[in-house]
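J.: Prediction below, plus the sequence it came from.
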Amino acid sequence: MTKLNSGTIENLINNFIYRYNINNILLAISGGQDSIYLIKILEKLKKKLHYKHLQLSYIYIDHQWKNNSKKQIKHIINYTKLINAKIIIYQIHKITLSEDECRKYRYNIILQHAIKYQFKLIITGHNSTDKVETCMQNLVKGSGIESLNNLAMKSKIFQKIFILRPLLKLDRTTVYWCCKKLYLPIWSDSTNYFYKIQRNRIRQELMPYIKQYLHKNIENNIQFLINSYHYQNEYIKQNVIKLYLKSKHNERTAINYKKINKQNFILQIKTIQLFCFHNLQIYLETQKIIKVIKKLNNRSINASTIVSHSNFNFFIHNNWLYISIKT
């Protein structure tokens with residue numbers, strides 16, 4: 001069990017508030033043990049440190065997956081009333097079991113709400129077990145190294161809006177026992193047992209199987225792997241930025257592909273992706289980038305336009321790779 005307590009979490013949040021001069025916090029809750037535990041910590045922190053100008057507000061997104069969704073909402077409202085807290089509830093009327101789609105809806109609603117009401121900090125209840133499960137999901141999807149550690153403790157998501165995940169050092173079992181110790185009203189979420197949701201398959205079947213028959217410390221090993229990949233990814237990012245700055249045109253939307261195609265293959269891919277994102281705010285998929293690189297490495301190439309996309313073309317002139325917007 002992780003050797004951390006509520007005091008450690010309080011200090012982490014308190015230091016963040018002080019460092020970035022936070023005066024309002026939006027906590028995204030699910031009604032589960034993680035968010036209920038965070039509500040307890042935040043309310044305690046506010047009273048303990050006498051933050052006169054600190055505003056706490058809670059937001060809940062109802063996906064309407066369950067027949068008892070209304071009962072869960074009543075449970076959450078009753079609990080927030082008990083502690084005199086404010087809560088905003090949004091309902092998604094398009095019912096779907098696609099976790100990726102629901103996550104996009106959820107994050108978009110939360111971000112738009114934070115922008116509209118000028119919240120500087122969003123806090124979520126992700127724990128270390130969530131981080132491991134997300135890593136496993138991305139491995140199954142064949143995601144790149146940068147996606148294996150996409151749950152950071154803190155990050156800036158929009159201008160002056162930050163997101164903080166203070167429970168990432170705690171696993172799910174630790175959070176559960178903290179809730180039991182504090183007699184918190186945990187709501188049992190039946191959607192955790194919907195096996196049509198991939199994460200639930202990983203949580204309820206895959207991870208227990210690995211622990212039982214392959215390696216009992218699989219979660220610790222994945223955590224170590226995630227940390228290792230984080231530093232590897234940071235190293236790649238730094239070299240990509242350096243290569244991009246050295247190869248980009250000073251005046252035009254172009255990069256010197258002769259400088260790029262001498263580099264490691266992954267640096268070529270990431271540099272052209274950065275080139276596209278920096279100029280078009282488009283994240284081009286790896287397979288499309290590989291197609292461009294193959295064309296660039298073809299010495300017999302003589303056509304100006306080498307790859308065409310829906311809204312733009314890649315074309316070459318001398319040693320330069322250009323982007324041309326379609327009109």
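T.: It's in.

J.: Could I get the phi/psi values of residue 119?
T.: The phi and psi values for residue 119, taken as degrees, to the nearest 10, are phi -80, psi 140.

J.: do you know how far it is from residue 216?
T.: Look at residue 119 and residue 216: by C-beta to C-beta, to the nearest Å, they are 41 Å apart. Placement of C-beta: from N, CA and C, glycine included.

J.: Tell me which of the two has more neighbours.
T.: residue 119 (24 against 10; other C-beta atoms under 10 Å).

J.: Mind pulling up the pLDDT for the more buried one?
T.: Per-residue confidence (pLDDT) for residue 119: 94.

J.: Then residue 68?
T.: Reported pLDDT for residue 68: 70.

J.: ok, now residue 72?
T.: Model confidence at residue 72, given as pLDDT, is 79.

J.: Hmm, residue 123 and residue 110 touching each other?
T.: No - between residue 110 and residue 123 there is no contact, the gap being 10.6 Å when judged by C-beta atoms under 8 Å.

J.: joint contacts of those two?
T.: Here residue 110 and residue 123 have 26, 28 as joint contacts, going by C-beta atoms under 8 Å, 6 or more residues apart in numbering.

J.: what about the closest residue to residue 12 other than its chain neighbours, which SS state?
T.: Leaving aside its sequence neighbours, residue 12 sits nearest to residue 166 (C-beta to C-beta, 6 or more residues apart in numbering; 5.1 Å). In three-state terms, and counting by DSSP: H, G, I helix; E, B strand; the rest coil, residue 166 is coil.

J.: what's the answer for residue 152, then?
T.: Following three-state DSSP, the label given to residue 152 is coil.

J.: which ones are touching it?
T.: Counted by C-beta under 8 Å, 6+ apart, residue 152 has contacts residue 165.

J.: Tell me which stretches of the stretch 51-200 of the chain form helices.
T.: For the stretch 51-200 of the chain, the helices defined by DSSP state H, counting those that start in this stretch cover 69-82, 99-116, 128-141, 172-181, 198-201.

J.: Just put those in TSV and tack on mean neighbour count and distance to residue 272.
T.: Formatted as TSV, those follow (neighbours: other C-beta atoms under 10 Å; distance: least, C-beta to C-beta, whole Å):
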stretch	mean neighbour count	distance to residue 272
helix 69-82	14	45
helix 99-116	15	25
helix 128-141	19	22
helix 172-181	16	40
helix 198-201	16	31
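
J.: Minimum distance to residue 208: which of these has it?
T.: helix 198-201 (11.0 Å; C-beta to C-beta).

J.: which is the next helix or strand following the worst-scoring helix or strand of the chain on mean pLDDT?
T.: Counting by mean pLDDT, DSSP states H and E, the chain has its least confident helix or strand at strand 305-308, which shows a mean of 72. Next along the chain after strand 305-308, taking DSSP states H and E as the criterion, comes strand 312-317.

J.: Could you pull up the mean pLDDT of that following strand?
T.: Averaging pLDDT along strand 312-317 gives 86.

J.: In terms of pLDDT, where does residue 252 sit?
T.: Note for residue 252: predicted pLDDT of 91.

J.: And for residue 112?
T.: We have a pLDDT of 94 for residue 112.
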